[in-house]
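>>> Using only what follows, build the 3D model:
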Amino acid sequence: MASKFKVYVIRPVRNFLIYHLLYLMFVFGRFMPRKLLLWWHGCLAKLAYVLLKKTRNSVIKNLQTAFGSEKSEDEYYSIGKRMFVSLSKTFTDYMIFWKLKTREQFSRYFKFVGEENLKAAYERGNGVLCMVTHTLGWEFSAILPPVMGYKSMGASSRIHNPALNRLMIQSRESRGMANITRDHSYDILVERLKQGECLIIMIDQDTLKARGEFLQFFGKEAYTPIGCARLAMATGAAIVPMHTIRNDADDTYEFRILPEIPFVQKSTELETLRYNTQIHNDVIEQIIREHPEQWVWMHDRWKTTPEDLRRHLENKRRNQG
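As a prediction, the model looks like this:
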């Protein structure tokens with residue numbers, strides 16, 4: 001009985017309240033001074049970093065896993081704190097920029113760097129895999145290609161909270177991005193890439209929801225989705241890495257589009273997928289090393305182990321059988 005009450009009463013009410021609270025924050029955020037909001041939310045983020053011990057320790061642990069003895073304990077603490085503050089301010093700006101739709105509007109706050117790399121790949125007409133890195137402005141990275149005039153789609157897993165899922169989809173679609181639910185979407189993605197569209201794709205997080213391989217990331221094995229390489233092999237689409245960096249000095253952003261990553265064909269399909277995905281990991285690692293305070297270190301990138309994967313696949317086969 002308690003479980004049914006939670007499913008049919010508590011959860012829907014909670015989702016309703018969260019959705020409308022966030023929506024009100026988005027609405028009222030446009031009418032308050034941006035500088036004041038950024039300052040206040042930055043202060044709250046500093047306090048949260050001190051109080052949320054479990055999250056702070058997770059951030060520091062992941063930084064230690066990545067950099068080892070390259071940095072000191074004080075540096076790890078400082079990087080985590082700066083990341084927390086910048087993430088808070090980036091989310092604040094996402095609320096404030098809720099109604100920005102055009103390139104001209106975004107250009108007040110964003111500098112577009114390297115567009116020639118995306119333009120050249122897009123004009124070939126074979127589709128573009130926009131390989132977005134989870135720097136703190138990842139959601140800006142996802143919506144900016146369609147804002148810039150490139151026909152784009154995004155494949156996303158459903159957020160458990162339906163209200164938040166709806167809010168995310170509304171934000172993306174209002175900027176011209178077609179949102180495609182990831183479940184059983186592979187054939188749709190292939191077809192639309194062959195028609196020349198851009199696909200926003202992110203492979204720098206640990207997930208068992210996508211097919212992956214254990215590859216090197218900061219010198220340690222990390223379970224890495226191979227979807228980007230797999231789609232490139234199936235369609236001939238170009239792979240163009242991109243990410244958004246926040247400039248805290250003046251509260252502006254740079255949307256950086258890097259040169260296309262050549263696709264290398266190896267002797268077998270698995271070897272091809274592993275080889276190219278390792279290159280993608282290397283590119284992402286270099287981006288993070290350049291701005292370590294701008295990646296989502298609360299995410300446990302090295303969580304999945306070979307044993308976890310084995311159990312997952314066994315359970316999946318058992319459920320299907």
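>>> where in this structure is pLDDT low?
Applying pLDDT under 70 to the chain picks out residues 1-30, 157-165, 321.
>>> Which parts of it are helices?
Taking DSSP state H, the helices of the chain run over residues 2-5, 11-29, 34-51, 53-67, 73-96, 103-106, 115-123, 138-147, 162-173, 186-194, 227-235, 269-290, 306-320.
>>> Please tabulate the ones you listed in a markdown table and include distance to Arg211 and mean neighbour count as additional columns.
To be clear about C-beta, it is placed using only N, CA and C from the backbone, and glycine gets the same treatment. Shown next, in a markdown table, are these (distance: least, Cβ to Cβ, whole Å; neighbours: other Cβ atoms under 10 Å):
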| stretch | distance to Arg211 | mean neighbour count |
| --- | --- | --- |
| helix 2-5 | 33 | 8 |
| helix 11-29 | 30 | 14 |
| helix 34-51 | 35 | 15 |
| helix 53-67 | 24 | 17 |
| helix 73-96 | 29 | 19 |
| helix 103-106 | 34 | 14 |
| helix 115-123 | 24 | 17 |
| helix 138-147 | 21 | 24 |
| helix 162-173 | 23 | 16 |
| helix 186-194 | 10 | 17 |
| helix 227-235 | 7 | 21 |
| helix 269-290 | 9 | 18 |
| helix 306-320 | 10 | 10 |
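>>> which stretch among those helices comes nearest Ile203?
Ile203 sits nearest to helix 227-235 of all the helices of the chain, at 5.3 Å, using Cβ to Cβ.
>>> what's in contact with the closest one?
Defining contact as Cβ atoms under 8 Å, 6 or more residues apart in numbering, one finds that helix 227-235 is touched by 126-127, 129, 131, 189-190, 193-194, 199, 201, 203, 210-211, 237-239, 263, 265, 269, 272-273, 276-277, 280.
>>> With stretch 33-41 instead?
With Cβ under 8 Å, 6+ apart as the test, stretch 33-41 has contacts from 29, 88-89, 91-93, 96, 251.
>>> Could you tell me how far that stretch lies from the centre of the chain?
Counting by Cα atoms, centre = their mean, to the nearest Å, stretch 33-41 is centred 24 Å from the centre of its parent chain.
>>> Would you quantify the distance from Tyr49 to Glu115?
35 Å (Cβ to Cβ, to the nearest Å).
>>> Do I have it right that Ser185 meets Ala155?
Yes: using Cβ atoms under 8 Å, Ser185 is in contact with Ala155, at 5.5 Å.
>>> Can you pick out the residue with more neighbours from these two?
Ranked by neighbour count (other Cβ atoms under 10 Å), Ser185 and Ala155 place Ala155 first, with 21 against 14.
>>> so the more buried one bridges to which residues?
Assessed by DSSP bridges, Ala155 has beta-bridge partners Ile180.
>>> sorry, back to before: turn the contacts of stretch 33-41 into TSV, including distance to Asn315.
Formatted as TSV, the contacts of stretch 33-41 follow (distance: Cβ to Cβ, whole Å):
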residue	distance to Asn315
Gly29	43
Ser88	37
Lys89	41
Phe91	35
Thr92	40
Asp93	41
Ile96	43
Asp251	46
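>>> Among those residues, which one lies nearest to Met148?
Relative to Met148, the closest of the contacts of stretch 33-41 is Asp93; by Cβ to Cβ it sits at 18.1 Å.
>>> quick one: contacts for that closest one?
34, 38, 109, 251, 253.
>>> same thing but at 6 Å, please
By Cβ atoms under 6 Å, 6 or more residues apart in numbering, Asp93 lies in contact with nothing.
>>> which residue is nearest the centroid of the chain?
Compute the mean C-alpha point of the chain, and by Cα atoms, centre = their mean the closest residue is His134, 4.0 Å away.
>>> Not counting sequence-adjacent ones, nearest residue to Phe91?
Among residues not flanking Phe91 along the chain, His41 sits closest, at 7.7 Å (Cβ to Cβ, 6 or more residues apart in numbering).
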